[in-house]
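Enquirer: how would this look folded up:
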Amino acid sequence: MAHPNEDLLRGGYEAFAAGDIEKVLAIFADDIDWHVPGESQLAGDYHGHQEVIGFFGKLIELTGGTFHLDVHDILANDTHGAVLVTAYGERPGKTLEAREVHVWHLADGKATEFWSPSVEQSEIDFFFS
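Expert: Have a look, this model is predicted:
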């Protein structure tokens with residue numbers, strides 16, 4: 001039997017894959033903090049639904065809608081989640097395939113904070129440069 005927070009995260013990733021941003025936002029606290037490491041034009045800290053929607057929009061724009069995630073595993077307990085993914089995308093003359101571990105803080109059935117450290121951070125920075 002999966003932990004409820006594992007189910008919460010799995011539903012969010014399935015909604016993201018289906019392009020259902022409304023359902024994705026439903027698992028986020030209104031004041032979610034979103035952290036993207038690196039030196040690219042997407043790197044930075046985002047706060048709240050509107051800024052995260054802006055991040056998603058820029059991600060889709062930069063990749064021409066090709067960005068997607070392959071979820072390998074989801075681990076969760078009462079306060080944290082870790083999602084092992086490979087991120088894929090295409091841009092003119094560039095292809096992305098990067099392994100990441102998405103780290104989540106979870107409280108009261110909502111995601112409150114997100115980090116996306118990558119094994120290939122320099123590749124992600126180059127891809128989004």
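
Enquirer: drop to CA atoms for contacts and neighbour counts, all remaining ones
Expert: OK.

Enquirer: where exactly do the strands run in the chain?
Expert: Using DSSP state E, the strands of the chain run over residues 28-36, 44-47, 68-76, 80-91, 94-107, 110-115.

Enquirer: so how many other residues sit close to Glu100?
Expert: Glu100 has 21 neighbours, counted by other C-alpha atoms under 10 Å.

Enquirer: I figured it was touching Thr86, is that so?
Expert: Yes: at 6.0 Å, Glu100 counts as touching Thr86 under the criterion of C-alpha atoms under 8 Å.

Enquirer: pick the most buried one from the strands of the chain.
Expert: Most buried of the strands of the chain, by mean neighbour count (mean count of other C-alpha atoms under 10 Å): strand 110-115, with a mean of 21.

Enquirer: sheet-wise, list the partners of that one with their directions.
Expert: Each strand paired with strand 110-115, and its direction, by DSSP bridges: strand 28-36 (parallel), strand 94-107 (antiparallel).

Enquirer: would you mind giving those as a markdown table with distance to Val52 and mean pLDDT added?
Expert: Converted to a markdown table, the strands paired with strand 110-115 look like this (distance: least, C-alpha to C-alpha, whole Å; pLDDT from 0 to 100):
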| stretch | distance to Val52 | mean pLDDT |
| --- | --- | --- |
| strand 28-36 | 7 | 98 |
| strand 94-107 | 15 | 96 |
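
Enquirer: just send those strands back as a markdown table, with distance to Arg10 too.
Expert: Shown next, in a markdown table, are the strands paired with strand 110-115 (distance: least, C-alpha to C-alpha, whole Å):
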| stretch | distance to Arg10 |
| --- | --- |
| strand 28-36 | 13 |
| strand 94-107 | 12 |
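
Enquirer: for Thr66, which of these is the nearest?
Expert: Nearest of the strands paired with strand 110-115 to Thr66, taken as C-alpha to C-alpha: strand 94-107 at 10.0 Å.

Enquirer: quick one: work out the angle between that closest one and strand 68-76.
Expert: Using axes from the mean of the first three to the mean of the last three C-alpha atoms, to 10 degrees, one finds that strand 94-107 and strand 68-76 are set 30 degrees apart in direction.
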